[in-house]
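[1] pasting the structure only:
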Ligand SMILES: Cc1cc2nc3c(=O)[nH]c(=O)nc-3n(C[C@H](O)[C@H](O)[C@H](O)COP(=O)(O)OP(=O)(O)OC[C@H]3O[C@@H](n4cnc5c(N)ncnc54)[C@H](O)[C@@H]3O)c2cc1C
Ligand code: SF4
């Protein structure tokens, strides 16, 4: 029962509500406040203030109690989050621990989450690529999921819009399947990466190795200084939170920008339980929130609501928003809510040794992480026995070794000065998965969390398409390494990996033309409840193989623009 004594209804009424303050919620907040709307941003976690709440950001390696490793006891207590490559002592405080927020795995699923102001924007690896028409046309062409209700031309100007503000480094590579953006200078490839790039250009007509595109200020523009951000210092300690604002996070960029407008109220410690639907008005009127400190249930009201709680949390909120009109969850006349969940396939790696080039070494660090191989399989025509394709990350580096023989100052000296060894090169797969009805999330009927929210049941698995694609990646990238003359090629399928660890879960409230088979229309607006918008990963009809967050940012800015113009016309 809502506590109506907290404030007056008027004080709890805003023009807009945003649920979640991560990558997409931060953008919704910035755009809505920028258009003059009094906006309430509700965040279930604590506040994380840029620069202030980054406790490890300037620590030296020896200042970490466990030299940045996680102690065995923590790993044993947190087997799920410990499997994430970024869960170390320097950033552990930004990850949800296993026992804090339980969920039910009908099939193994490693759900990696960041519940705080800024969400996972503090944890992400900042890789940012645009989609192309080959991606938006994919489901229609290849006959899976449903047709996207938009094409690249609809979203292209919004990519430009968000790229300019966020700051994306990259090169104009002129590749049709990976459109260029509004780039700051790209981080250069090192000698061996460049050699491989040149080799691939010569050996393959349709394959490319380019500098990875990433959300780092390689050369800031005035708009970035205005945000209080400065040039990336190439420290590559980003997961600790960057005091320079060298990479894009909600905390460094969109949230303080929205705050500066004077139109944002940020309420951390506020778990949104459900969206309130008014049967008479035929629209949503607000949200029901549980204050995690006081456990009070409070209602907030607004004319439009943006749901940006991250893909699976958004599904949870919508499924939990039941009413006489929507007994199966808000907007769920079609019954597809929670279904067609998909993700990215990060299931394999290829590594090798490289002869020569020992006169070269790398100077400093590359925050972009090296190179990127855009998707080359099944782009122009179907050429394999699996649908869609994969991209791959690429990095080359000098191995190091230390001589641990000897004692005293000789030993100390050799340990402090590791010797450079030969070059090594490595690649990891990033594949598209096919959204299927059988990959779903739903609410448990009996078990609830400490805030009274039903636990989420996750039933998501790999399939034959994924397995065939993984084998093809190993074969093709293995061959590219072989023709490049790399030695001792090691092709590996990552063992014991469950979906979820691929960290790009999507779908459940997909966009589509038809309300009978989708939840959202082409403006990310719930078909049957037109003042609710979903612009995080839940909206994704298919996944492509590009990193997804740039696309969520563009969707969000586009959708806010539409929502506010509709509001001004009196349609919402
Ligand atoms: C280690 C790692 C590396 C990654 N690397 C990349 C990359 O290189 N490129 C890329 O594109 N993506 C990457 N990602 C994914 C990226 O972080 C997500 O796509 C992105 O953060 C999603 O944005 P979002 O706004 O949907 O969710 P989030 O950023 O997770 O924000 C959601 C927010 O909603 C809040 N919330 C949830 N439920 C509720 C509720 N009921 N009430 C109120 N608030 C709620 C959460 O606390 C959170 O703050 C990576 C992720 C991880 C973990
Ligand atoms: S690499 Fe750049 S963005 Fe990352 S911590 Fe260093 S300065 Fe910040």
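    Alright, I've got the coordinates. A quick note: this is a predicted structure, and the numbers were derived from the prediction, not measured. Ligands and ions are numbered 1, 2, ... in the order given.
[2] tell me the SS of residue 423?
    Put simply, residue 423 is strand when judged by DSSP: H, G, I helix; E, B strand; the rest coil.
[3] Which phi and psi values does the closest residue to it other than its chain neighbours adopt?
    Leaving aside its sequence neighbours, residue 423 sits nearest to residue 354 (Cβ to Cβ, 6 or more residues apart in numbering; 3.8 Å). Heads up, the C-betas are built off the backbone N, CA and C, glycines and all. Backbone torsions of residue 354, given as degrees, to the nearest 10, read phi -120, psi 130.
[4] again, but for residue 114
    Dihedral angles for residue 114 - degrees, to the nearest 10 - are phi -130, psi 110.
[5] Residue 93 is in contact with that one, correct?
    No - the criterion here is Cβ atoms under 8 Å, and residue 114 misses it with residue 93 at 10.0 Å.
[6] Please, where are all the helices along the protein?
    For the chain, applying DSSP state H gives helices covering 23-34, 72-77, 79-82, 133-136, 138-142, 152-166, 191-203, 222-226, 254-260, 311-320, 408-416, 464-483, 549-568.
[7] What lies in contact with the fifth one?
    Which is helix 138-142. Contacts with helix 138-142, where a contact means Cβ atoms under 8 Å, 6 or more residues apart in numbering, come from 144-148, 378, 382, 387-388, 432, 541-542, 544.
[8] before we move on, back to that, Serialize the helices of the chain to TSV and add fields for mean neighbour count, distance to ligand 2 and mean pLDDT.
    Below are the helices of the chain laid out as TSV (neighbours: other Cβ atoms under 10 Å; distance: least, Cβ to the nearest ligand atom, whole Å; pLDDT from 0 to 100):
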stretch	mean neighbour count	distance to ligand 2	mean pLDDT
helix 23-34	30	15	98
helix 72-77	12	24	96
helix 79-82	19	22	96
helix 133-136	20	28	98
helix 138-142	18	33	97
helix 152-166	19	12	98
helix 191-203	18	18	97
helix 222-226	14	12	98
helix 254-260	23	16	98
helix 311-320	26	25	98
helix 408-416	11	24	85
helix 464-483	19	27	98
helix 549-568	23	15	98
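[9] Just send these back as TSV, with distance to residue 212 too.
    Shown next, in TSV, are the helices of the chain (distance: least, Cβ to Cβ, whole Å):
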stretch	distance to residue 212
helix 23-34	18
helix 72-77	29
helix 79-82	25
helix 133-136	18
helix 138-142	23
helix 152-166	15
helix 191-203	10
helix 222-226	20
helix 254-260	23
helix 311-320	24
helix 408-416	31
helix 464-483	16
helix 549-568	13
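[10] Output the set of residues of the stretch 51-200 of the chain in proximity to ligand 1.
    Residues of the stretch 51-200 of the chain that fall close to ligand 1, judged by Cβ under 6 Å from any ligand atom: 84, 86, 112, 114-116, 119-121, 123-127.
[11] which residues are contacting the worst-scoring helix or strand of the chain on mean pLDDT?
    Lowest by mean pLDDT, DSSP states H and E among the helices and strands of the chain is helix 408-416, with a mean of 85. For helix 408-416, contacts defined as Cβ under 8 Å, 6+ apart pick out 402, 403, 404, 405, 406.
[12] my guess is the second one contacts residue 421, does it?
    In this case it means residue 403. No - look at residue 403 against residue 421 with Cβ under 8 Å: they stay out of range, at 11.8 Å.
[13] quick check, nearest of the contacts of helix 408-416 to residue 502?
    Closest approach between the contacts of helix 408-416 and residue 502, by Cβ to Cβ: residue 402, at 34.3 Å.
[14] circling back to that earlier point, closest one of the contacts of helix 408-416 to ligand 1?
    Of all the contacts of helix 408-416, ligand 1 sits closest to residue 402, with 29.2 Å by Cβ to the nearest ligand atom.
[15] Enumerate every residue touching the closest one.
    414, 415, 417, 418, 419.
[16] buried set for stretch 328-346?
    329-332, 334, 336-346 (16 or more other Cβ atoms under 10 Å).
[17] Can you report the mean pLDDT over the residues of that stretch?
    For stretch 328-346, the mean pLDDT works out to 97.
[18] what about the residue of the stretch 151-300 of the chain found nearest ligand 1, neighbour count?
    Residue nearest to ligand 1 within the stretch 151-300 of the chain: residue 272 (3.6 Å; Cβ to the nearest ligand atom). Neighbours of residue 272 under the rule other Cβ atoms under 10 Å: 27.
[19] quick revisit: in strands only, show me the contacts of helix 138-142.
    residue 432 (DSSP state E).
[20] Can you turn the buried part of the contacts of helix 138-142 into a ChimeraX selection?
    To isolate the buried subset of those in ChimeraX, counting by 16+ other Cβ under 10 Å, use the following:
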select :144,145,146,147,148,378,387,388,432,541,542,544
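[21] and of the contacts of helix 138-142, the nearest to residue 163?
    residue 544 (17.2 Å).
[22] What distance do you get for that closest one to residue 344?
    9 Å (Cβ to Cβ, to the nearest Å).
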